[in-house]
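>>> Coordinates for the following, if possible.
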Amino acid sequence: MKKSYFCALLVFLILHLGCQPEEISKEQLQGIWVEVTDRTDTLVFAQEPFHYDKYFTLNRGKEIRNGHVLPKYGSGTYQYQLKDNTISVYNLLSSCYCFHDYHFELKKDQISIGDFYQKNTSGQQRLTFQKVE
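Alright, predicted model coming up:
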């Protein structure tokens with residue numbers, strides 16, 4: 001009985017450890033990523049002044065609102081945490097220190113990420129970013 005229990009536990013641990021997703025390093029994310037559909041939104045990882053922290057910048061360009069030229073909605077710096085196939089993001093301009101979870105997947109030079117800045121108002125869709133630098 002004890003031997004079969006031990007064998008079952010050993011098999012479970014081997015399978016569990018073997019199936020762990022590979023942790024994404026800061027070096028893999030570092031650089032500039034462009035959204036592939038409209039090619040107007042960019043993610044910039046590991047750039048100054050936050051080189052050693054988990055922050056990225058979303059650049060969306062400018063627009064005129066109320067007679068003023070302002071950054072488009074969602075532009076700014078975000079703090080992030082990665083876990084499995086999820087990214088938790090917090091917009092530093094928000095008055096609430098609240099992280100929100102979105103789908104996240106990195107494949108070579110592409111990122112698939114949930115629409116954390118509400119680019120598509122028709123619903124929660126995944127966005128794809130291509131690495132350019």
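>>> all contacts plus neighbour counts: C-alpha atoms, from now on.
Will do.
>>> low pLDDT regions in this structure?
Within the chain, the stretches with pLDDT under 70 are 1-22, 25-26, 47-53, 121-123.
>>> Go ahead and flag the most central residue of it.
Computing the C-alpha centroid of the chain and ranking residues by CA atoms, centre = their mean puts Ile87 first, at 4.7 Å.
>>> so Leu29 touches Phe45, yeah?
Yes: with contact defined as CA atoms under 8 Å, Leu29 reaches Phe45; the gap is 6.1 Å.
>>> neighbour-wise, which of those two wins?
Phe45 (24 against 20; other CA atoms under 10 Å).
>>> any idea whether Lys119 is helix, strand or coil?
Under DSSP: H, G, I helix; E, B strand; the rest coil, the three-state class of Lys119 is coil.
>>> For it, what are phi and psi?
Dihedral pair for Lys119: phi -60, psi -40, per degrees, to the nearest 10.
>>> Check which helices and strands the host helix or strand of the residue nearest to the centre of the chain is in contact with.
Assigned by DSSP states H and E, Ile87 belongs to strand 86-91. Secondary-structure packing of strand 86-91 (3 or more CA pairs under 8 Å, 6 or more residues apart in numbering; DSSP states H and E): strand 76-83, strand 100-107.
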